[in-house]
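A.B. asks: I'll drop the sequence and a predicted model, then ask my questions.
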Amino acid sequence: MKKITYSFLFFLFCITTKNIAQTCSSLNFQLQANIPSTCNNMVMTMMHDQNNQPYLYVANKEAGLKVYNISTIASPTLVATIPTTQFDTLDVMNLSQQGNYLYLALGNTFTNPQKGGMAIIDVSTPGTPSVTDYYVVPGSTTGGGIVKAEGNYAYLGAMQSGLVILDISNKSNIQFVSQFIPSINFPPVASPNPNLYNARGMEVKNSIVYLCYDAGGIRIINCVNKNAPVETGRWCNPVMYSPMNHAKAYNNIVLDDSLAYVAVDYAGMEVLDLSDTSAISMTGWWNPYNAPNNNWFTSPSHTNEIVLEKDCNRVFMSTGKSDMMVVDVSDPTQPDSCNMYGGTANNIGTWGIGLWQNQIYLSYICAVIPFSSSLTQTTILTFNSCPVGINEQIENNSISIYPNPFADQAVLSSSKAFKNASIRIHNVLGQCVKTIEQVNGNVVIIKEEGLEGGIYFLEIVENNILLETAKIIVAE
């Protein structure tokens, strides 16, 4: 499938970015493979084997769990399928891994909701996975959103059935421990619609559950006493419910020490300070579409799943009809759009995202609202992780580029003389499209030869040290 290389949307991001992140200008996304599926067997999300074996696990909804050998990443090979008939014909919606076991969140949450549940899959030999046991939440009717395991317990986000804690010490005999359904009376809005409050995104750390409760914001649930979980903190952005009750969808969360990055659908990504979970505050907000003044139906982006590349201070998000956005969080108070993959006018949209080393996995889904998407598949990308040794920007060095935009050539002037430096020019996908080697002195001529009209980012590297980054524009 041919991808749209950039859009006017990305141009708007770039011109509002104060300083393009060093770690984002050279991502160089490369499409490795597309694993097709059908709208009757939709791909929800996927993850690489956490034991560093060359396998990809795919939550393939009606088609169950699929396992691919990706030792040759450009040619994934299907090696195993576990059909839904092995766990009460419940669709596979999400998955996580702990050691040699996968945990599947079961139950369609879409147009034909099912019961919610969880299955345990032994993947000690990934090519021959086996079901050890599965559990169905009694009385549940809205499916399963997410599952995480920690120690001897699994935490199932069962949509309207709330948080379900399960004892998994015996993988062949899952035992119910407790259930906690957060109140729908937060945030304080008149006549809350119970259909909008769903346990669907989650992180677990030291028996504390950080739960995305959809219209109910973020809930902090202390599960130290597994038999009596208690909510100890809550958050919802006040501008989303006061003075008007705007649509909210807290979808997914990742933790970074005392910070949390939260995907909030058409409202972008919030950075929350969790140092005191009884008094959560917002540190930063990536809000490119000016929520809540934008529209849920027409927004170019719907942030759903989210992953953090901690060492590089980058957040990757599946963003619906905008495919994937990358946000620089080196300054959490000012999260900045810094790269993207895909486009907004290609009639396809993403739901899930996975990260493993320098590999990104995207799931495309079939959908009608809030965005139109006519294709479902798993897309495998590779990218440049942060380069070792290119972390520090030399102080007291500044450059100027004139003219910019330019049609024929531009002059780059530096306050310090270069010595055997390199200039690398990247397009908006992070692909290196031009390199100028053996740069010496204070002045460099940059010619437009080999560059089509558009936006580019250049980085200047000397002795494996990144000196400067800058944006240049080649006139159409």
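C.D. replies: Received, thanks. Numbering: from 1, shown residues only.

A.B. asks: from here on, just use CA atoms for contacts and neighbour counts.
C.D. replies: Fine.

A.B. asks: roughly how far is the strand or helix carrying Val433 from the heart of the chain?
C.D. replies: Element membership for Val433 (DSSP states H and E) is strand 432-447. Going by Cα atoms, centre = their mean, to the nearest Å, the spacing between the C-alpha centre of strand 432-447 and its chain's C-alpha centre is 35 Å.

A.B. asks: now do stretch 338-355
C.D. replies: 10 Å.

A.B. asks: what's the model's confidence in that stretch, averaged?
C.D. replies: Per-region confidence: stretch 338-355 scores 91 on mean pLDDT.

A.B. asks: go on, stretch 276-288?
C.D. replies: For stretch 276-288, the per-residue pLDDT values average out at 96.

A.B. asks: now do the buried residues in it.
C.D. replies: Residues of stretch 276-288 classed as buried: Thr277, Ile280, Ser281, Met282, Thr283, Gly284, Trp285, Trp286, Asn287, Pro288 (neighbour count, 16 or more other Cα atoms under 10 Å).

A.B. asks: go on, stretch 362-369?
C.D. replies: Within stretch 362-369, the residues that count as buried by 16+ other Cα under 10 Å are Leu362, Ser363, Tyr364, Ile365, Cys366, Ala367.

A.B. asks: could those residues go into JSON lines alongside distance to Met244, pLDDT and secondary structure?
C.D. replies: As requested, the buried residues of stretch 362-369 are arranged in JSON lines below (distance: Cα to Cα, whole Å; pLDDT from 0 to 100; DSSP: H, G, I helix; E, B strand; the rest coil):
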{"residue": "Leu362", "distance to Met244": "34", "pLDDT": "98", "secondary structure": "strand"}
{"residue": "Ser363", "distance to Met244": "34", "pLDDT": "98", "secondary structure": "strand"}
{"residue": "Tyr364", "distance to Met244": "33", "pLDDT": "97", "secondary structure": "strand"}
{"residue": "Ile365", "distance to Met244": "31", "pLDDT": "97", "secondary structure": "strand"}
{"residue": "Cys366", "distance to Met244": "32", "pLDDT": "95", "secondary structure": "strand"}
{"residue": "Ala367", "distance to Met244": "28", "pLDDT": "92", "secondary structure": "strand"}
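
A.B. asks: ok, so of those residues, who is nearest Thr111?
C.D. replies: Checking the buried residues of stretch 362-369 against Thr111 with Cα to Cα, the nearest one is Ala367 at 10.6 Å.

A.B. asks: apart from its neighbours in sequence, what residue is nearest the closest one?
C.D. replies: Ser373 (4.9 Å; Cα to Cα, 6 or more residues apart in numbering).

A.B. asks: is it true that the one you found touches Cys366?
C.D. replies: Yes: taking contacts as Cα atoms under 8 Å, Ser373 lies within contact range of Cys366: 4.9 Å.

A.B. asks: which neighbours do those two share?
C.D. replies: Ile348, Gly349 (Cα atoms under 8 Å, 6 or more residues apart in numbering).

A.B. asks: tell me which residues touch Thr379, please.
C.D. replies: By Cα under 8 Å, 6+ apart, the residues touching Thr379 are Leu31, Gln32, Ala33, Asn34, Ile35, Tyr361, Leu362, Ser363, Tyr364.

A.B. asks: picking up where we left off before, out of the buried residues of stretch 362-369, who's nearest Ala267?
C.D. replies: Of all the buried residues of stretch 362-369, Ala367 has the smallest distance to Ala267: 19.7 Å, by Cα to Cα.

A.B. asks: for Val204, what are its contacts?
C.D. replies: Applying Cα under 8 Å, 6+ apart, we find Val204 in contact with Lys148, Ala149, Glu150, Tyr210.

A.B. asks: and if you look at Arg424?
C.D. replies: When contacts are counted by Cα under 8 Å, 6+ apart, Arg424 touches Cys432, Val433, Lys434, Thr435, Ile436, Leu458, Glu459, Ile460.

A.B. asks: scan these and report the most crowded one.
C.D. replies: The most crowded member of those, judged by other Cα atoms under 10 Å, is Leu458 (22 neighbours).

A.B. asks: quick check: it touching Leu466?
C.D. replies: No: the pair Leu458 and Leu466 fails to qualify as a contact (Cα under 8 Å) at a distance of 10.8 Å.

A.B. asks: so in terms of bridging, what pairs with Ile306?
C.D. replies: Met317 (DSSP bridges).

A.B. asks: what's the spacing between it and Tyr261?
C.D. replies: Distance, Ile306 to Tyr261, by Cα to Cα, to the nearest Å: 8 Å.

A.B. asks: now do Tyr55
C.D. replies: Where Tyr261 is concerned, Tyr55 sits at a distance of 27 Å (Cα to Cα).

A.B. asks: and what of Ser37?
C.D. replies: Distance, Ser37 to Tyr261, by Cα to Cα: 30 Å.
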